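In: A structural model of the following input is requested.
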Amino acid sequence: MAGPGFGRGQGSGGAAASRTPLQRALYWAAVVGVWGLIFLVVFFAVFARGLPDTSALYDVDRQPSITYLDRNGALIATRGSQQAPPADLEALPDYVPAAFIAIEDRRFYWHPGFDPIGMLRAVQANMRAGRIVQGGSTLTQQLAKNLFLTPDQNMRRKVQELMLAVWLEMKFSKEEILALYLNRVYFGAGAYGIEAASQRYFDKSARELTVGEAALLAGLLKAPSRYSPVSESERAATRATVVLNEMVEAGVITPEQRAAAVLEPVRVSRTLATQHAQYFIDWLDQEIRGLVGEPTEDLIVETTLDLTLQTAAERNVRRILERDRSRGVEQAALVALDGDGRVRAMIGGASYADSQFNRAVDARRQAGSAFKPFVYLAAMEAGYTPETPVVDEPIRIGNWSPRNYSGNFIGETTLGNAVAQSTNTVAAYVADQIGRDSVARAARRLGISSRIGLEPAMALGAVEVSPIDMANAYSAFANGGRRVEAHGISRIRTPQGRVIYQRGARDAGGGQAINNPPLYYMNQMLRGVVTRGTAQAVAIPGRDLAGKTGTTTDYKDAWFVGYTGGFVTAVWVGKDDNTAMRGVTGGSSPAAIWRGFMEAALPRLAVQPIPNGPPMPEGWVAPDPVGDLMNSIEDPFGDSRVIDGVDMDAGEPYDPTAPVENDNPRPAPPVEPRRREEPPAQNPEPAQPRERERDPLFF
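Out: Take a look at the predicted model:
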C-alpha cells in the first residue's frame, strides 16, 4: 500500500520540481490572486452592507436656522444652518476652486477617488508624530463623507467612504464632483456651501471673492471653529497664508498675486462683526429650546432688543474701557430693562470675538454697596424711615468690625444721609438689628437668585450676583413696586407666519413686591444718592434718576445700578481673574458708562418720573422729601466726595474669612439706636468660595 502511494507523491513532486522559477512565480501569483480576489469580494460585500441610499444625493439635510429680529423688525443675527442657491462653478473666478484643490487635494484631477500617494504620506507623517496629524482623504472622499456618512472614525466608515468615492468618480465628472463639494461643504457659522459662506462672512456673492477671501474660506475647512475669522482672526489669517503659499506652489497664482492678497485686508461682514449683540442671542438660545423644543423648521424670533440702544451701549462701553484701561478696567457688562422686564440692551463683555462668556448673565461678582438697598428696604418694612436718627461710629459684630472708606465717623446723622453717603457702619448695624435673614428675604423677593449668605459682611455686599439679577431686582423700585422677570423674546413664528410662542400676561412676573410707604421711602433715598451722594456723576439735567454705587474690597468690582420711571440699567466693570483695579469705584467707570448710555437712551423712551407705586396706607402723611431733609444737613465730606467724577465711596474693606456670629432675627430697633457688642459665634459660618468664571467658546 505504501509503495504505490509513495510513487504517486513523488511523481507529483517531480512535476512541481520540474517547473522553472518563472512558472513557479506565475503559479503562486495566480493562487494569491484568486484568494485575494475572493477576499476582496467578501470584504467589500461585508462593508457594502449598510451603505446609505445614494438616491438622496441632492437632498439637503441641515439644521434649521433661527433668525433674530429686534423689537422694530431689524435683523440682529441668523443662527443655525444657512443654505444659499448653489454657486455655478463656471461663474466663479478660477482661483476660487483652485484654492480648495491646492490645499485639500493637489492630485484631484488624476486620482480615481482615492489617492494612494496621499495615504502613504499621511501614514508616514502620523507614524513620525505618534498621533494623527495628517489625513489622506481626497476631496471626493470628503464629499462622500459629507453627503452620506456619519463622522464616526472607524474602519467600516472609512471603507464605505472609499467605496462611495469610487462610485462618485464613476458617476460624475471631476467638474461635477467639485461643484457638489463646494456647494455642500460646511464652512462654519451655520453656512453650508460656498455661496452661503461668502454671504455670511463677507456680505457678497461667491462670484466676487478676492484671492485672499478665497484662501480664507479654503483654510476654514480644516476646522471651521478653530479657524473662524470671527473668533480666531489671527489663526484664520495664518491658515489663509498657508493656503496662499500652496496656491503659489501649485501655480494657481503668481508670487505677485500672493503679495497683493496679503496686503489687501479681509473685512468680515458687519452682521457678524456686531459681536456684542451675540451675547444676547446666546442668552436666548437655551430659552428658545425650552419654549419650543429642538427646532425642526426655520424659525423667526422677535426679540425685545432695541438695536439703536444696543449700539449706544456698545459705543459707551468701548469708550470707557479704552479710557480707563490704564486703571485696570478690562471687562464690562450692561443690562437695560424696561418697566415690563424687556431687555432693551445687553453687553456681556469687552469683546465677543475674544470671549463668548456672558458676564451679564453668567458671571457672579460681589455687589458691594449696590446690595445695600435691600438692607434698607427690609429696614423700611421693619419700621425705619429716612428720618430715623442713626450714629456713624465704630461698631463690632462678633469678631467683625466694619470700616468706612474715609476712615472717619461723622456721628449722629439720618438714615437718608447714610444711604446717600453709603456709610458702611450704619448699613452693617441696621442689618444686624432687623436680622440679616430679613435682608435676604427682601433681596430674594425682588429677584436676586444667587446664594445669599447670612454673615455680617452680607450687609456691605459680600454676595455674588449677576448684572441681570441686579437689574431685575432694582426694576421694582423703577416701576411702582412690581416685580418683573427679565426676558428677551416677544414672539416665535415660522417664516410663513405661523405663531409658535407669544409672550402673554401670564409671563409678566411676580406681582407687587414692594408696598408703600417703604417704596416711597426707598425712591426718595436712592434719589439722594444721585442728587447729593456718591453717584452725582450720573445726574442728567431734567431727569428724575435714582440708583446706587457699589465697590468691593481692593477695587475688584465696581457697579452702578440706576433707574428712572420704568427703565433700569445695571453696569459692572472689573477683571475676569478677580484681581484689583486701580482705584476704580462705582461712581467712576460704571457711572460714566451708565450716564453715556442713558443720555442716548432716554430720548428714545417714553419714560415718566419714578412712580410712587400702590396707594399709601389710610391716614399716612408724606414726610418732607429726603432731598429737602438732606439739604438741611451739613455734608461732612463737602465737595471732596466726588473728585473729577470719581466716587470716593469704595465699598469698605472687610475680612470675609473672619469668624462671624450666627444670624438671629431681631425686632425693629428703638428710635435711638445703640451700638451692640456681642461675643463671637461658637460655630462660625465660613465664607463661601467664589465660583471661578469660565470662558467657554461658543461655536
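In: Please enumerate the strands of the stretch 201-350 of the chain.
Out: 299-303, 331-338, 343-347 (DSSP state E, counting those that start in this stretch).
In: possible to save those strands as CSV with mean neighbour count and mean pLDDT?
Out: Where C-beta positions appear, they are placed from N, C-alpha and C, glycine not excepted. Compiled in CSV, the strands of the stretch 201-350 of the chain are given as follows (neighbours: other C-beta atoms under 10 Å; pLDDT from 0 to 100):
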stretch, mean neighbour count, mean pLDDT
strand 299-303, 22, 94
strand 331-338, 27, 97
strand 343-347, 28, 97
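In: Any idea which of those gets closest to residue 422?
Out: strand 331-338 (21.4 Å; C-beta to C-beta).
In: what packs against the closest one?
Out: Judged by 3 or more C-beta pairs under 8 Å, 6 or more residues apart in numbering; DSSP states H and E, the packing partners of strand 331-338 are helix 307-323, strand 343-347, helix 467-478, strand 567-574, helix 589-601.
In: right, so those: which one is the most enclosed?
Out: Comparing the helices and strands packed on strand 331-338 by mean neighbour count (mean count of other C-beta atoms under 10 Å), strand 567-574 comes out on top with a mean of 30.
In: quick one: residue 221 and residue 173, what's the gap?
Out: Distance, residue 221 to residue 173, using C-beta to C-beta, to the nearest Å: 22 Å.
In: between the two, who's got more neighbours?
Out: residue 221 (21 against 9; other C-beta atoms under 10 Å).
In: Okay, that one and residue 143: tell me how far apart.
Out: Distance, residue 221 to residue 143, by C-beta to C-beta: 12 Å.
In: what touches both of these two?
Out: Common contacts of residue 221 and residue 143 (C-beta atoms under 8 Å, 6 or more residues apart in numbering): residue 185.
In: Residue 390 is nearest to which of the strands of the stretch 201-350 of the chain?
Out: Using C-beta to C-beta, these put strand 331-338 closest to residue 390, at 32.1 Å.
In: Just checking: what are the partner strands of that closest one?
Out: Using DSSP bridges, the strands paired with strand 331-338 in its sheet are strand 343-347 (antiparallel), strand 567-574 (antiparallel).
In: chain center to that strand, what's the gap?
Out: Counting by C-alpha atoms, centre = their mean, to the nearest Å, strand 331-338 is centred 13 Å from the centre of its parent chain.
In: Measure how it sits relative to helix 307-323, angle-wise.
Out: 150 degrees (axes from the mean of the first three to the mean of the last three C-alpha atoms, to 10 degrees).
In: Give the buried residues for stretch 244-258.
Out: Neighbour counts over stretch 244-258 (16 or more other C-beta atoms under 10 Å) mark 244, 246, 247, 248, 252, 253, 257, 258 as buried.
In: what's the second one in contact with, if anything?
Out: Under the criterion of C-beta under 8 Å, 6+ apart, the contact partners of residue 246 comprise 102, 103, 106.
In: what's the burial count for the first one?
Out: The criterion is other C-beta under 10 Å. On that basis, residue 102 has 24 neighbouring residues.
In: Is it in contact with residue 245, as I believe?
Out: No. Using C-beta atoms under 8 Å, residue 102 makes no contact with residue 245, being 9.1 Å away.
In: which residues are common contacts for these two?
Out: With C-beta under 8 Å, 6+ apart as the test, residue 102 and residue 245 reach no residue in common.
In: could the helices and strands packed on strand 331-338 be laid out in CSV, adding distance to residue 111?
Out: Formatted as CSV, the helices and strands packed on strand 331-338 follow (distance: least, C-beta to C-beta, whole Å):
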stretch, distance to residue 111
helix 307-323, 50
strand 343-347, 51
helix 467-478, 56
strand 567-574, 57
helix 589-601, 59
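In: right, and those - which one's nearest residue 262?
Out: Each of these has some distance to residue 262 by C-beta to C-beta; the shortest is helix 307-323, at 28.6 Å.
In: In which helix or strand does residue 109 reside?
Out: Using DSSP states H and E, residue 109 sits in no helix or strand.
In: neighbours of it, just the number please.
Out: Neighbours around residue 109, by other C-beta under 10 Å: 10.
In: one step back: identify whichever of the helices and strands packed on strand 331-338 lies nearest to residue 92.
Out: The closest of those to residue 92 is helix 307-323. By C-beta to C-beta, the value is 33.9 Å.
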